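Novice: Quick one: sequence plus predicted model below, questions after.
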Amino acid sequence: MKSGLPQNDPESAIKAWRKAFPILFLPVRGKRLAYLDNGATTQKPSTVIESLERYYGETNANVHRGVHDLSERATAAYEQARAGMADFIGASAPEEIIFTRGTTEAINLVAWSYGELLNPGDEVLISALEHHSNIVPWQMLRDRRGITLKVVPITREGDINPDDFSSALSEKTALVALAHVSNALGTVNPIADMIAQAHAQGAVVLIDGAQAVAHMPVEVQKLDCDFYAFSGHKMYGPTGIGVLYGKSSLLERMPPWQGGGDMIRTVEFERSTYAPPPYKFEAGTPHIAGAIGMGKAAEYIRQVGFAPIMEHETILLDYALQQLQSLEFIRLIGTPQVRSGAISFIVTDVHPHDVGTILDHHGVAIRAGHHCAMPVMQFYQVPATVRASFALYNNHEDVDQLIDSLQQVREMFG
Ligand code: 7TS
């Protein structure tokens, strides 16, 4: 890994990063944009935007079927993107990368396909800080196949309680599905240890990496997770594309979950046979341009390097936390032991949606709401929070703009 930020001039390094993102320089409501809604989706660097334009302008054709030059080139670019994603997360082979619409579809794929291998009485274990997309598919599986869904509670601070996690595991646990990083609280879960504990009980483990892959290096083989799900659009890539990583040995055993073109070997009216993974799980024409753009986004992240990204984001997160804590009208929601990417908070006596609207008028884009983590809101007994979430292009000015605007909110509401 490259070393961190250049010590002599970190500011110019960040300025150079920002330059790659054209949208950051467009005013919003006549104000400088402070984009702090990266947990929802990140902005895209020019290399990603150009890769989409180039694909549609120069290479567009369907993949895996044409004998003509364009189709061969489109197929090669799509498969190269798959290999790039395998490399990005340290998978052992491109065949372990399934392109999906995003994290949500990746988790649903596991619930619908691996879920078919589970039996009534088998337990699926999740935590109380999961995004809805790592809750609802398991409820649907419970209703379909009679599995038991268990939820490990979180502490006041917003960490998964380690003792509760250990004691929830048993030989009945068939599958553990956990966020790597919580989108609502920013909690970084100690997943390596949790994966090892789950494996000791014979469970397979799915990690929801939606909020992790843009912020820290992920090595699926080192982690030894069985599945890892993430979205292109939260790592500087296009929307509508994501990845499910799965260990080959599991993907081989899993039934397909959608039928159609591209996922078959032979089709007769009596029965069909299926293509090997990953194609077995990619029915229909995929989001070819999206996969190529996601591959470019991974290249972009690698080129910047995780060491400087992490150093910068840690400094910025600490600064934002310290600034927010200095405001007596701010209450932080969640103070996890290890945090990445996001800070949730409440402005005393002001509804988060009102805060969001006022911040918007100051050019500050944050998310106000339940963040698709309603159980987290219920746990803290709040209807919603304000969430500032960070990316590599955010800087101290963005945080200052947020803090100034929050002061305006306070003044307006007295
Ligand atoms: N898992 C986590 C932890 C997430 O943060 C999200 C999206 C998803 C899954 C679903 O990802 P998708 O790309 O399939 O939609 N989180 C958010 C958010 O925090 N604000 O908007 C979307």
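Specialist: Alright, I've got the coordinates.

Novice: going forward, measure contacts between C-alpha atoms and count neighbours the same way
Specialist: OK.

Novice: For residue 268, give me the backbone phi and psi.
Specialist: Residue 268 adopts backbone torsions of phi -130, psi 160, taken as degrees, to the nearest 10.

Novice: For it, grab the count of nearby residues.
Specialist: Other residues within reach of residue 268, judged by other C-alpha atoms under 10 Å, total 7.

Novice: try residue 365
Specialist: Using other C-alpha under 10 Å, residue 365 has 24 other residues around it.

Novice: With the one 10 residues further on instead?
Specialist: Look at residue 375: counted by other C-alpha under 10 Å, it has 17 neighbours.

Novice: Enumerate every residue touching it.
Specialist: With C-alpha atoms under 8 Å, 6 or more residues apart in numbering as the criterion, the residues that contact residue 375 are 128, 129.

Novice: tell me which element it falls in.
Specialist: Using DSSP states H and E, residue 375 maps to helix 374-380.

Novice: Return the distance of that helix from the chain's centre.
Specialist: Remark: helix 374-380 is offset 20 Å from the chain centroid, using C-alpha atoms, centre = their mean, to the nearest Å.

Novice: How about that helix and the ligand, touching?
Specialist: No - contact of helix 374-380 with the ligand (C-alpha under 6 Å from any ligand atom) is absent, the minimum separation being 11.5 Å.

Novice: per-residue confidence averaged over that helix?
Specialist: For helix 374-380, mean pLDDT is 97.

Novice: what's next to stretch 271-289, contact-wise?
Specialist: 52, 55-56, 62-63, 74, 78, 95-101, 240-241, 248, 251-252, 256-267.

Novice: Take those and keep only those in strands.
Specialist: Secondary structure from DSSP state E places 97, 98, 99, 100, 264, 265, 266, 267 of the contacts of stretch 271-289 in strands.

Novice: Same list as before, these that is, but in TSV and with neighbour count and pLDDT included.
Specialist: Output for the ones in strands among the contacts of stretch 271-289, formatted as TSV (neighbours: other C-alpha atoms under 10 Å; pLDDT from 0 to 100):
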residue	neighbour count	pLDDT
97	29	98
98	24	98
99	30	98
100	26	98
264	19	95
265	13	96
266	10	97
267	12	96
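
Novice: which of those come close to the ligand?
Specialist: Applying C-alpha under 6 Å from any ligand atom, the subset of the ones in strands among the contacts of stretch 271-289 adjacent to the ligand is empty.

Novice: Drop anything exposed from the contacts of stretch 271-289.
Specialist: By neighbour count, with 16 or more other C-alpha atoms under 10 Å, the contacts of stretch 271-289 hold 52, 55, 62-63, 74, 78, 95-101, 240-241, 248, 251, 256-257, 262-264 as buried.

Novice: which one among the ones in strands among the contacts of stretch 271-289 gets closest to the ligand?
Specialist: Nearest to the ligand, judged by C-alpha to the nearest ligand atom, of those is residue 100 at 9.2 Å.

Novice: Return the residues of the stretch 201-350 of the chain in contact with the ligand.
Specialist: Residues of the stretch 201-350 of the chain lying close to the ligand by C-alpha under 6 Å from any ligand atom are 208, 210, 211, 231.

Novice: Strands of the stretch 251-400 of the chain, start to end?
Specialist: 264-267, 272-274, 330-333, 342-347, 364-365, 367-369, 385-389 (DSSP state E, counting those that start in this stretch).

Novice: Pull the longest one out as CSV, backbone CA atoms only.
Specialist: The C-alpha coordinates for strand 342-347 follow below in CSV (Å, rounded to 0.1, in the frame of the first residue of the first chain):
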residue,chain,number,x,y,z
ALA,A,342,-20.6,8.9,8.9
ILE,A,343,-21.8,11.0,11.9
SER,A,344,-25.4,11.0,13.0
PHE,A,345,-26.8,13.7,15.2
ILE,A,346,-29.8,15.7,16.4
VAL,A,347,-30.2,19.4,16.7
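
Novice: and it, average pLDDT?
Specialist: 98.

Novice: Just give me the neighbour total for the closest residue in space to residue 149 that isn't next to it in sequence.
Specialist: Leaving aside its sequence neighbours, residue 149 sits nearest to residue 124 (C-alpha to C-alpha, 6 or more residues apart in numbering; 5.0 Å). Neighbour count for residue 124, taken as other C-alpha under 10 Å: 26.

Novice: For residue 124, which residues are in contact?
Specialist: Residue 124 touches 138, 147, 148, 149, 150, 173, 174, 175, 176, 177, counting by C-alpha under 8 Å, 6+ apart.

Novice: What pLDDT does the model give the residue in the stretch 301-414 of the chain that the ligand sits nearest to?
Specialist: Going by C-alpha to the nearest ligand atom, the ligand is nearest to residue 371 of the stretch 301-414 of the chain, at 5.1 Å. Per-residue pLDDT puts residue 371 at 95.

Novice: I'd guessed it sits against residue 185; true?
Specialist: No - the pair residue 371 and residue 185 fails to qualify as a contact (C-alpha atoms under 8 Å) at a distance of 9.7 Å.

Novice: With neighbour numbers in mind, choose between the two.
Specialist: Using other C-alpha under 10 Å as the criterion, residue 371 and residue 185 rank with residue 185 on top: 29 against 21.

Novice: Domain-wise, how is the protein divided?
Specialist: The record's domain parsing of the chain by automatic domain parsing lists 10-44+305-413, 49-302.

Novice: measure the last one end to end?
Specialist: Looking at domain 49-302, the gap from its leading to its trailing residue is 17 Å under the measure C-alpha to C-alpha, to the nearest Å.

Novice: Repeat that for the shortest one.
Specialist: End-to-end distance for domain 10-44+305-413: 38 Å, by C-alpha to C-alpha.

Novice: Residue of the stretch 151-300 of the chain nearest the ligand, please.
Specialist: Counting by C-alpha to the nearest ligand atom, the stretch 151-300 of the chain gets nearest to the ligand through residue 183 (4.3 Å).
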